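Engineer: what follows is a predicted protein model with its sequence.
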Amino acid sequence: MNDAAAGRVLVVDDEPDLLTLYELTLLREGHSVETASTVAEALEALTQSTFRLVITDMRLPDGSGMDLLRWLDKQRRNEKAIVVTAFGSAENAVEALKVGAFDYLTKPVDLRQFRTVVASAMGRVAPTAAGAAPSRGGPLHRLAGRSSGMQQVRELVEKVARSMAPVLVHGESGTGKELVARGIHEVSARAAGPFVAVNCGAIPEALLEAEFFGYRKGAFTGATEDREGFFQAAAGGTLFLDEIGDLPLAMQSKLLRVIQERAVRPVGATAEQPTNVRLVSATHKDLAQEVAQGRFRQDLFYRLNVIRIPVPPLRERMEDLVLICDVLLERIANEAGVSPPPVLALAARERLASYAFPGNVRELENLLHRAVALSAGDEITPQDLGLPEQLVGRSLLDDEAEASLPPGAAAAAATHDESLPSDLARHLDEVERRILERALHQHGFNRTAAGARLGLSLRQMRYRMARLGISEGASGDEAGER
Ligand SMILES: Nc1ncnc2c1ncn2[C@@H]1O[C@H](COP(=O)(O)OP(=O)(O)OP(=O)(O)O)[C@@H](O)[C@H]1O
């Protein structure tokens, strides 16, 4: 960033009154301002000097704010851009964010919001945003892997970190979605602010509104004092909504409203409070499919899915296995006070490489945890890994999917004449239920141990069991469970 550009703002609007209003507001905040009324004037100003920020109306007499955004993108200019869109034109806002706008404002522009958005655009420039190598120990370093899939993930993280655009991280359970969300936060200008992670599936429906938006004293029985919600806690930072596909429809409507209004109303409060959070959501579900089945609001999907980051399953990037193992072993050994970290024997690597990891990196992590605890010396042997012989070379899921089919179908599957389920979601639920039940049986109904075997945390086990209606009544000794 050119120092001369610090604080310089170009405002583009064809309405003289609005131009003056923006100009006065910006001057009062200590910025220097230049104005333009058309795309042509704006381009002339941009070719003559650089700015820190461009604020442009969407509709201009000789074109659109999108023309300016595309020009800035094509010229690889450093100016951040804020577009001002007409009320109710969500398409414009989403399109602008996709083309690289930092953020958008909706008419009539609320001046308090205007100042907040400008201040956040003026925040410090992300250190790795220009494509510099991720620092050792930094968030992107933690995201190990050189496969093309992981490189694409890292590139997208760096790209989106420069804007406020909502991001949807999509991938199977345990692939590293939360790590990606943290990466987005930590390389963004909001890094100094809070990162608040919320598992949408783990909160009882009746508490969702209070947890998300906070509440006022006396709002309901037990509300003995004012309490802030996730949106207030994440102010100035990033709110990570994990398992967004599990949010009930009623709550989806409330979340949509917050995104549109950029304000939340705590339960029991009369007034709304402006919000200043960057939203990153994650899901293992196919949300488009959820929309088609009426379980997820189309308009919310559209708002959250502005930038999509797919995280591939581990089995599709096995070339990353060794690197990920190194990072995980270093961390695990560090936490356990073991130095230097044990290394994987060649045979152990080969064993891991032939496993399909249905629980992805989380399963690998659990496996290595156990192996570090079991290994006698500084080398981890195939025996320390504890991978059952019959599972090597195929995933547990494959195994179970087959076992769950009726006898005739199982035989057909064995001859590779696989019958396709008519309701995939239900079929997969059934497969998952059987896997969970079997793991629980094998581990004396200890959910922590059964979860660890499947690469799941206790929280995830509880959630999945509740979702699939697996009774907890039979749970055995769980004194060690949190
Ligand atoms: N590329 C990677 N390099 C190193 N560690 C990783 C990588 N990906 C994931 N991990 C580790 O694997 C574990 C699981 O990752 P994370 O919780 O981010 O997955 P997730 O997709 O959010 O899981 P879930 O869907 O179950 O919530 C974490 O401990 C994380 O640090």
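Structural biologist: That came in fine, so what should we check first? Residues are numbered from 1 along each chain as shown.

Engineer: what's the neighbour count on V361?
Structural biologist: Applying other C-beta atoms under 10 Å, we find 26 residues neighbouring V361. Backbone N, C-alpha and C define where each C-beta goes, glycine included.

Engineer: could you report the distance from it to Y355?
Structural biologist: 13 Å (C-beta to C-beta, to the nearest Å).

Engineer: ok, for A40, nearest residue in space, not its chain neighbours?
Structural biologist: Setting aside the residues directly before and after it, A40 is nearest to D62 in space (C-beta to C-beta, 6 or more residues apart in numbering), at 5.7 Å.

Engineer: number of nearby residues for that neighbour?
Structural biologist: 12.

Engineer: so V280: helix, strand or coil?
Structural biologist: strand (DSSP: H, G, I helix; E, B strand; the rest coil).

Engineer: which residues does it bridge with?
Structural biologist: Listed by DSSP bridges, the beta-bridge partners for V280 are V167, F240.

Engineer: thought it was touching P166?
Structural biologist: Yes - using C-beta atoms under 8 Å, V280 is in contact with P166, at 7.2 Å.

Engineer: neighbour count for these two, which is higher?
Structural biologist: Taking neighbours as other C-beta under 10 Å, V280 and P166 compare with V280 leading, 31 against 19.

Engineer: and the more buried one, how far from the ligand?
Structural biologist: Plainly put, V280 is 11 Å away from the ligand if you go by C-beta to the nearest ligand atom, to the nearest Å.

Engineer: swap in S32?
Structural biologist: Between S32 and the ligand the distance is 43 Å, computed by C-beta to the nearest ligand atom.

Engineer: run a quick neighbour tally on the residue nearest to that residue when sequence neighbours are not counted.
Structural biologist: Of all residues not flanking S32 in the chain, R8 sits nearest, at 5.2 Å (C-beta to C-beta, 6+ apart). Neighbour count of R8, defined by other C-beta under 10 Å: 19.

Engineer: E178 now?
Structural biologist: Residues within reach of E178, counting by other C-beta under 10 Å, total 18.

Engineer: with R459 instead?
Structural biologist: Neighbours of R459 under the rule other C-beta under 10 Å: 14.

Engineer: got the contact list for the closest residue to K80 other than its chain neighbours?
Structural biologist: What sits nearest to K80 in space, not counting adjacent residues and going by C-beta to C-beta, 6+ apart, is F102, at 4.0 Å. By C-beta atoms under 8 Å, 6 or more residues apart in numbering, F102 lies in contact with 53, 80-82, 121, 162-164.

Engineer: for F102, give its distance to the ligand.
Structural biologist: 26 Å.

Engineer: what's the following helix or strand after the lengthiest helix in the chain?
Structural biologist: Determined from DSSP state H, the single longest helix within the chain is helix 424-442. The element immediately downstream of helix 424-442 (helix or strand, assigned by DSSP states H and E) is helix 447-453.

Engineer: how about stretch 284-300: buried residues?
Structural biologist: Of the residues in stretch 284-300, 284, 287, 290-291, 295-297, 300 count as buried by neighbour count, 16 or more other C-beta atoms under 10 Å.

Engineer: and that stretch, is it in reach of the ligand?
Structural biologist: Yes - for stretch 284-300, a contact with the ligand is found by C-beta under 6 Å from any ligand atom, at H284.

Engineer: quick one: end-to-end distance for stretch 276-295.
Structural biologist: Taking C-alpha to C-alpha, to the nearest Å, the first and last residues of stretch 276-295 lie 28 Å apart.
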